[in-house]
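Asker: Predicted model follows, preceded by the sequence.
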Amino acid sequence: MEWLIRFCAVIFLSVLLQSNATSIEPLEENEGYLLVAFNVESGYVPSHVQLESGGFMGSSLKFDSLKPRDNHWLIPVDAGEYSWDRIFFTKRIYLNLEDSDFKIKVEPGKINYGGHISLYTEMNSNRDQLLGGARVYFNNRASKAMIFLDEQYPALMTRYETVYSGKQRDHFFTHVNSLRNAQ
Amino acid sequence: MRKGIFSLVLGLLLVVPSVQATVERDFFRNEAVAMPTISPGGKFLLVKAENEQGAKVLVRNLETNNEAEVHSLSLSSRYQIGDYHWIDDDTFTLTIYHPHRAHHFKVFNVDEELKLTMVEDVENTYLFDTLINVPDSFVVVKYKYDSARLFKIKLNNGSLEGQTSSRNKINRGPLDNGRWLLSANGKAHVNFGLKDNNNLTYVRYGKSKKWHSVWQGNKEEVFHPVLFDEANKELLVISNKDGGYHSLYRFNVETKEFSRLVHRVPGKDIASILISPYTRKVLGYSYLQGGIAKRVYNESLKDFLYIEAENNNAIPEGYVIDFDRDRSTVVYIRGSIDKPVSYYRYHRNSKEHILIGDARPWLNEYTLGRSQVLNSVSTDGLKIESYLTLPGASANKPFPLIVLPHGGPLGVQDTRHFSEEIQYLAQKGYAVLTPNYRGSSGFGSEFLDSGKQQWGRLIEDDIESAVEEALKTGKVDREKICIFGISYGGYSALISAIRRPDLYKCAISYAGVTDLPLLFSQSHVDRDEGQQKMLAEILGDPTEDWDTLIKYSPAYQLENLTVPVLIGQGGQDRIVNDEHFFRLVYLLDKQGKQYTKLYLENEIHGFRKVLNKIAFFRAVDMFVKDKLDLAEDE
């Protein structure tokens, strides 16, 4: 009887642990994974956010269903450069990030992270006006990205290299990988 | 299990400030009285007063001794009282800040009955110059596209907003983003700043609008104008041209040569020049001697000094902070390392010294720590000045030591003036060592520059030389030493624990840098070439010196960390953002290292809220006592 309880417990725990992991489409040729990260630090939660891919035939990547605090999306995209474009509060009210130079480079065959957007706003009660403006930062928060990937895509992490593709060089992913390899 | 209990206790500290936290509350609560300033006519005094309900600005009629409230904020308000200044005999400005919203710039009139009339309340405006000799006029600064725009405001001449349209801008010059000096009537006549790594200074004089280039030098040559004596066509300039120490010179703008030395302190930097707002003349200067600010007043202003001359020791370690137009009333501060400041006014006619208020009267019941100067020699022969503060209460054995390196690391220095943090730690039974390691200000340009690219290296050698010197006094216990710091001090604590586990038994870092290359990818730095260059100069080049940056990053050297650490961080820190903290936590967990953490979600690079500061310092005390096996009352 005891073995049956243990067996059921193992099955239950396996299901529970696996349920945290998220499935994702495999990469095709010349594609990389793009990790989009957005933190609503204070104030209003945007309705959706938008990135633009570079090049003459650039297209938009739209992400919705934002929640307060942390938002992450991992999607396969064509290799290339992607720029933060707009943060929408409603259909017509948005912050334009076009000139902010917030860019993420996507290398094929890798998980690419370029930084977290952090948004601070205060809206009036009708939510149709920003009080005191909005502050937007684009910061390297690779440890948050790593925790998200560890929790949601553990299998993917073993297959693909995770890289920081912001403007400056960073050592965090390299160091974590070397610790994992040493284990 | 022990770590879990300790974390739980820390958590509770944040939620329920303990009744037993009286010592913390006494040392870290805001000053009861601060920033008194007297009106030019000597009739009114403005002062900030604070108690456990909140803060207020008061105006006092010195003839009747009546008082009126100008502005008050409850303790829970997110607004903060900024600065306030008299702009003429009965008009003053007041700035109220908010961490996220626009701040308020207010202008008030006050009459003899203390009836207050607010004549302006605008946003995003700062006082630049009181123009105290020009009634109802002052100069404000507004920022647009990172550029300061100055406007001369005349009250009763239309709204302030109306007078700040672009066409009224008074600072049009060669260096739009540079700094400005104004004449007594508000004409921008000196424009100086850094451009393409060169220090540039321009002046204009007489009725001409033409700017003359008077100085061009590299940025290592300090040339800092403090005043323009237009009549003699001479700039008063802080320069390091002789011997590398900041001294005050006169500089002829026509010959473009230094005409004479005005003030110099051998072997020391002059810290500040005191200028009269009424005469726009130099009153004197200050410098630090053994960690104490010395103020030297000019001969022409000896009537300030007679306060001491006529009343021997009337203002020991005190200094003048304000005075009225005819200097009949002088506001001054008294205070020292073991005595929190008190504010007084001195009336020349009656020769009375009247207490305005004690900043921290509740500390009178404590025996505060006393400090001494220590001089040590670092590994490369450089002399290091440090201060050792011992608990006021006597003990029959050596004290445990907390080494407290300051932030920066460049251009900051520790002093021996009253410090709530040092005195709190001394009250808890620790000796506290504050080293002025290389890179600190006040010891000349060469000393300052020698701190560049020495993170984790010669700077920490300097600190260790100071620790050895402290041990030589016989008053501290070699087996009971921890290191604690904020910002660079936090970095230093972590890297010191990694490099000298034989010396330090524990380390505490608040807002400490943990990953040197990460500083280059912070939001305000990674797209700004100027900031990248400046950071590379201080830290090392991220391309050429990459391996060095990794080698001296605590986050990447944790395999050598063997002593327990307490790490703290403010969630709203824009200077060392919390990624430094989270990386360290992630990597400590991955490597199974012992640590304690305290994340203060709404805190900045330091402590905005007194309760947070109380919680953190109490946590530090508990942590150190735990790691050094000290009894609570030891």
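Answerer: That came through, no problem. Remember, predicted model here, so these are calculated numbers, not experimental data. Numbering: from 1, shown residues only, chains lettered A, B, ... in the order given.

Asker: mind checking which helix or strand of chain A has the lowest mean pLDDT?
Answerer: helix A:2-18 (a mean of 48; mean pLDDT, DSSP states H and E).

Asker: Now the closest residue to chain A within the stretch 301-450 of chain B: closest residue in space that isn't a chain neighbour?
Answerer: Residue nearest to chain A within the stretch 301-450 of chain B (C-beta to the nearest C-beta): B:Gly407, separated by 20.8 Å. Just so you know, the C-beta spots here come from the backbone N, C-alpha and C atoms, and that holds for glycine as well. Of all residues not flanking B:Gly407 in the chain, B:Ser487 sits nearest, at 3.5 Å (C-beta to C-beta, 6 or more residues apart in numbering or on different chains).

Asker: wait, what's in contact with the one you found?
Answerer: If you count contacts by C-beta atoms under 8 Å, 6 or more residues apart in numbering or on different chains, B:Ser487 has them with B:Gly407, B:Gly408, B:Tyr510, B:Ala511, B:Gly512, B:Val513, B:Ile575, B:Val576, B:His605.

Asker: Model confidence for the first one, exactly?
Answerer: For B:Gly407, the model assigns a pLDDT of 97.

Asker: how far away is it from A:Glu81?
Answerer: Going from B:Gly407 to A:Glu81 by C-beta to C-beta, to the nearest Å gives 37 Å.

Asker: What segments of chain A are helices?
Answerer: Along chain A, counting by DSSP state H, helices occupy A:2-18, A:142-152, A:154-159, A:172-182.

Asker: end-to-end on stretch B:182-191?
Answerer: End-to-end distance for stretch B:182-191, by C-alpha to C-alpha, to the nearest Å: 9 Å.

Asker: List the buried residues in it.
Answerer: B:Leu182, B:Gly186, B:Lys187, B:Ala188, B:His189, B:Val190, B:Asn191 (16 or more other C-beta atoms under 10 Å in any protein chain shown).

Asker: Secondary structure, pLDDT and distance to chain A for these - can I get that in CSV?
Answerer: Formatted as CSV, the buried residues of stretch B:182-191 follow (DSSP: H, G, I helix; E, B strand; the rest coil; pLDDT from 0 to 100; distance: C-beta to the nearest C-beta, whole Å):
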residue, secondary structure, pLDDT, distance to chain A
B:Leu182, strand, 95, 30
B:Gly186, coil, 93, 30
B:Lys187, coil, 93, 33
B:Ala188, strand, 95, 29
B:His189, strand, 96, 35
B:Val190, strand, 97, 33
B:Asn191, strand, 97, 29
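
Asker: among these, which two are most distant?
Answerer: B:Gly186 and B:Asn191 (14.7 Å; C-beta to C-beta).

Asker: Dump the buried residues of stretch B:182-191 to JSON lines, plus distance to B:Phe582.
Answerer: Converted to JSON lines, those look like this (distance: C-beta to C-beta, whole Å):
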{"residue": "B:Leu182", "distance to B:Phe582": "46"}
{"residue": "B:Gly186", "distance to B:Phe582": "49"}
{"residue": "B:Lys187", "distance to B:Phe582": "51"}
{"residue": "B:Ala188", "distance to B:Phe582": "46"}
{"residue": "B:His189", "distance to B:Phe582": "50"}
{"residue": "B:Val190", "distance to B:Phe582": "46"}
{"residue": "B:Asn191", "distance to B:Phe582": "44"}
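
Asker: In terms of distance to B:Gln163, which of these ranks first?
Answerer: B:Gly186 (12.2 Å).

Asker: In this structure that closest one contacts B:Ser137, no?
Answerer: Yes - using C-beta atoms under 8 Å, B:Gly186 is in contact with B:Ser137, at 6.8 Å.

Asker: shared neighbours of these two, anything?
Answerer: With C-beta under 8 Å, 6+ apart, B:Gly186 and B:Ser137 have common neighbours B:Leu131, B:Lys152.

Asker: could you pull out the strands for chain A?
Answerer: With DSSP state E as the criterion, chain A has strands at A:31-42, A:48-53, A:60-64, A:69-78, A:80-88, A:94-96, A:103-106, A:110-123, A:130-139, A:161-164.

Asker: which parts of chain A sit against chain B?
Answerer: Within chain A, the positions near chain B by C-beta under 8 Å from any C-beta of the partner chain are A:42, A:101, A:115, A:120, A:122, A:131-132, A:135, A:137-144, A:146-147, A:166-172, A:175-176, A:179.

Asker: For chain B, which residues score under the pLDDT cut-off?
Answerer: Applying pLDDT under 70 to chain B picks out residues B:1-21, B:100, B:145-146, B:299-317, B:633-634.

Asker: Mind splitting it into its structural domains?
Answerer: Following automatic domain parsing, one gets these domains for chain B: B:43-170, B:370-516+B:552-627.

Asker: do you know which of those domains lies nearest B:Asp528?
Answerer: domain B:43-170 (10.6 Å).

Asker: That closest one: end-to-end distance?
Answerer: 32 Å.

Asker: quick one: buried residues of stretch B:325-334?
Answerer: In stretch B:325-334, counting by 16+ other C-beta under 10 Å, buried: B:Arg325, B:Thr329, B:Val330, B:Val331, B:Tyr332, B:Ile333, B:Arg334.
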